[in-house]
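Asker: got a sequence here, can you model it:
(2 chains)
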2 protein chains.
Amino acid sequence: MGEFDLIARYFKRPVRRSPLGVGDDCALLAPAPGMQLAVSTDLLIEGRHFLSTVDPRRLGHKCLAVNLSDLAACGAKPLAFTLGLALPQADEAWLAPFAQGLLALADAHGCELVGGDTTRGPLAISITIFGEVPTGQALLRSGARPGDEVWVSGTLGDARLALEVFRGTRQAPQAVFEAARERLECPIPRVSLGLALRGVASAAIDVSDGLVGDLGHVLAASGVGATLWAELVAALSVQAQALSVQDRLDFALAGGDDYELAFTAPAAARDAVLAAGRASGTAVHCIGVIEAAPGLRLVDAAGQAVVRPVAAFDHFA
Amino acid sequence: MGEFDLIARYFKRPVRRSPLGVGDDCALLAPAPGMQLAVSTDLLIEGRHFLSTVDPRRLGHKCLAVNLSDLAACGAKPLAFTLGLALPQADEAWLAPFAQGLLALADAHGCELVGGDTTRGPLAISITIFGEVPTGQALLRSGARPGDEVWVSGTLGDARLALEVFRGTRQAPQAVFEAARERLECPIPRVSLGLALRGVASAAIDVSDGLVGDLGHVLAASGVGATLWAELVAALSVQAQALSVQDRLDFALAGGDDYELAFTAPAAARDAVLAAGRASGTAVHCIGVIEAAPGLRLVDAAGQAVVRPVAAFDHFA
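Answerer: Residues are numbered from 1 along each chain as shown, chains lettered A, B, ... in the order given. Got it, this is the predicted structure:
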């Protein structure tokens, strides 16, 4: 099966949003008046971002989910995406479920495939996603202010637990492992929470490389610091309950692959944050406070410093 | 050097077009009123699209050039791009010239890097490019009509000559090889020609997989056929003069990596096409005519059919 047959068979569908659809030199997009386009690119590589044994349907889901998560972190509504796909061979038994997983999540978010490129090569998947956000209302990393509270959606660290079980460094009961694996392979992008946080959150980011590193980007971009409560952070690592408290804390702080939102909001907006969580069906947890002093501090319930040797997941480390 | 240091050192620059610049979850773009965004994605893989020995400065140039060529084929003005980069290691001796080659071409076209993703992995480069075009004025593949003439810019087949010399299947004098290699490694995207052809050309495509295949997309999208004059096609393969006429014809018909524009225009627009070529400093050659009968025919000066067993370059063939 050649490149063009492959595109036609698995990825060509009626397109409403782009005037052209898949197949011309460019897709044509126009955001509505008063809207900005939010654009994000992710590149996923076999062995680095996913295991070669992963179910292709779940991989298709995850590739788009990580991009939707970037839109969520900006408070942008998904519109469309392009797909660059390098495959070792045009294998229908892999392509059909991959396309199904990808397009099912796309449909769920009204996000259309409008263009792309396929080639033979080591398995690599590059998606560029487009969303729209009213001009000036995007959630940025730079808006956190001293006195704001630090929030996280959902749970953290479960994907890392699954990864460590795969790696053989940890063990978990089968049901725990399956739940953690679901988080690793099928993350749920917090798109509706991101939309609900427009005008409420002062800054936001999605947690893809671990809370320490990603919240660190918010702190750096905002020129502030933060103190987090260690017990509340460890409690975010739900599936790792059977493990040590250090593991739970470390997985939550620097697990990677969480695709939750970390965001800040003024204390006066606490009710609005909780309402945004309810409106979007997403649990939200207050885990700390923004301070003027630079740096990220971790304290126990008595206010004593908790020191953990964790760093953000770095794709070059 | 970690992922974020790497981004900062080589790719972070002042950005005028995106309100955010590189470094937030999404870049924010807004086309001017009355404009559509033209979007295209290309994924380049080592060993498939370029040789591991290629000068990284030239590779940086080529990665963006092939995307600019897609904008050219739509008649869109370059605005911005995102870069997904998988690297075996964060090697400064490679990254510095790669970034220089990439950003020099970007600067030449006023096209800003607004976002991206870097990771470790087999060398792969994914660029998504954004241009703008007045609503309804994009050059499409679907506009060719019987009686239109078929045009090609510049030369075809030279890149393939260089590739065959690298492969050892052909020989060429050093000066010829160097000129052909320049075309393979440093293609010049026909952006200004594409802009000048707005309102003149009836259909356009960029020739990346070979003339037969790419013009074939235009014919299929337009529901028409074409006859091309074999001698004029062979004459487009300038650097292959020392080779057989069959080689020249085959390299021009199906060489790949040309990044010229193939386009159609009514015969009445011939002067306007030539003026567009002059205005953009690009040679344009009329090589055939569009007909109602489907299919692509090749004839000699006496009108006799010329049969060549060539097909378009397929990245999965």
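
Asker: and the host helix or strand of A:G60, what does it pack against?
Answerer: In this assignment (DSSP states H and E), A:G60 forms part of helix A:56-74. Contact analysis of helix A:56-74 by 3 or more CB pairs under 8 Å, 6 or more residues apart in numbering or on different chains; DSSP states H and E lists strand A:35-45, strand A:77-87, helix A:92-108, strand A:124-134, helix A:174-185, helix A:191-196, strand A:203-207, strand A:260-265 as its packing neighbours. Placement of C-beta: from N, CA and C, glycine included.

Asker: and the ones you listed: which comes nearest B:F11?
Answerer: Evaluated over the helices and strands packed on helix A:56-74, closeness to B:F11 peaks at strand A:35-45, with 12.3 Å, by CB to CB.

Asker: in terms of secondary structure, what does the closest one contact?
Answerer: helix A:56-74, strand A:124-134, strand B:27-29, strand B:77-87, strand B:112-120, strand B:124-134.

Asker: mean pLDDT, mean neighbour count and distance to A:L163 added to these, as CSV?
Answerer: Listed next are the helices and strands packed on strand A:35-45 as CSV, based on pLDDT from 0 to 100; neighbours: other CB atoms under 10 Å in any protein chain shown; distance: least, CB to CB, whole Å:
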stretch, mean pLDDT, mean neighbour count, distance to A:L163
helix A:56-74, 96, 26, 13
strand A:124-134, 93, 27, 19
strand B:27-29, 83, 26, 30
strand B:77-87, 92, 25, 20
strand B:112-120, 86, 23, 16
strand B:124-134, 93, 27, 23
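
Asker: domain-wise, how is chain A divided?
Answerer: According to automatic domain parsing, chain A comprises the domains A:3-134, A:141-299.

Asker: those: lowest mean pLDDT?
Answerer: Out of the domains of chain A, domain A:3-134 stands lowest, with a mean of 86 (criterion: mean pLDDT).

Asker: relative to the whole chain's centre, how far out is that one?
Answerer: Relative to its parent chain, domain A:3-134 has a centroid offset of 15 Å by CA atoms, centre = their mean, to the nearest Å.

Asker: got a list of what the residue nearest the centre of chain A touches?
Answerer: Nearest to the geometric centre of chain A sits A:Y259, at 2.9 Å (CA atoms, centre = their mean). Residues near A:Y259 by CB atoms under 8 Å, 6 or more residues apart in numbering or on different chains: A:65-66, A:69, A:187-190, A:206-208.

Asker: between those, which is nearest A:Y10?
Answerer: The closest of the contacts of A:Y259, once distances to A:Y10 are taken by CB to CB, is A:A65, at 18.8 Å.

Asker: for chain B, see how far away the residue nearest to A:H109 when sequence neighbours are not counted is.
Answerer: Sequence neighbours aside, A:P78 is the residue nearest to A:H109 in space, at 4.5 Å (criterion: CB to CB, 6 or more residues apart in numbering or on different chains). Using CB to the nearest CB, to the nearest Å, A:P78 is found at 11 Å from chain B.

Asker: residues in contact with A:P78?
Answerer: Contacts of A:P78 by CB under 8 Å, 6+ apart are A:68, A:71, A:109-111, A:129-131, A:191.

Asker: may I have the phi/psi pair for A:L236?
Answerer: Note on A:L236: backbone dihedrals following degrees, to the nearest 10 are phi -70, psi -20.

Asker: can I get the helix holding A:G60 as CSV, trimmed to CA atoms?
Answerer: What follows is helix A:56-74, C-alpha atoms only, in CSV (Å, rounded to 0.1, in the frame of the first residue of the first chain):
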residue,chain,number,x,y,z
PRO,A,56,-2.1,1.0,18.6
ARG,A,57,-5.7,2.2,19.5
ARG,A,58,-4.4,3.6,22.8
LEU,A,59,-1.4,5.1,21.1
GLY,A,60,-3.6,6.9,18.6
HIS,A,61,-5.6,8.2,21.5
LYS,A,62,-2.6,9.3,23.4
CYS,A,63,-0.9,11.1,20.5
LEU,A,64,-3.8,13.5,20.2
ALA,A,65,-4.5,13.6,23.9
VAL,A,66,-1.1,15.1,24.7
ASN,A,67,-1.8,17.9,22.1
LEU,A,68,-5.3,18.5,23.4
SER,A,69,-3.7,18.9,26.8
ASP,A,70,-1.7,21.8,25.5
LEU,A,71,-4.8,23.5,24.3
ALA,A,72,-6.5,22.8,27.6
ALA,A,73,-3.6,24.6,29.4
CYS,A,74,-4.3,27.7,27.2
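
Asker: hang on, A:A38 packs against A:T128?
Answerer: No: with contact defined as CB atoms under 8 Å, A:A38 does not count as touching A:T128 (11.2 Å).

Asker: near chain B, which residues of the stretch 101-250 of chain A show up?
Answerer: By the rule CB under 8 Å from any CB of the partner chain, the part of the stretch 101-250 of chain A lying against chain B is A:114-122, A:124, A:126, A:128, A:130-131, A:133, A:135, A:138, A:140-142, A:204-206, A:217, A:221.

Asker: what's around A:V176, how many residues?
Answerer: A:V176 sits with 20 neighbouring residues when counted by other CB atoms under 10 Å in any protein chain shown.

Asker: how about A:L296?
Answerer: A:L296: 19 surrounding residues under other CB under 10 Å.

Asker: list the contacts of it.
Answerer: Contacts of A:L296 by CB under 8 Å, 6+ apart are A:212, A:215-216, A:219, A:225-228.

Asker: same check on A:A73?
Answerer: Shown in contact with A:A73 (CB under 8 Å, 6+ apart): A:139, A:194, A:204-206, A:261, B:25-26.

Asker: rewinding a little: and of the contacts of A:Y259, the nearest to chain B?
Answerer: Nearest to chain B among these: A:D206, at 6.1 Å, using CB to the nearest CB.

Asker: surely the closest one touches A:D214?
Answerer: Yes: judged on CB under 8 Å, A:D206 makes contact with A:D214 at a distance of 7.1 Å.
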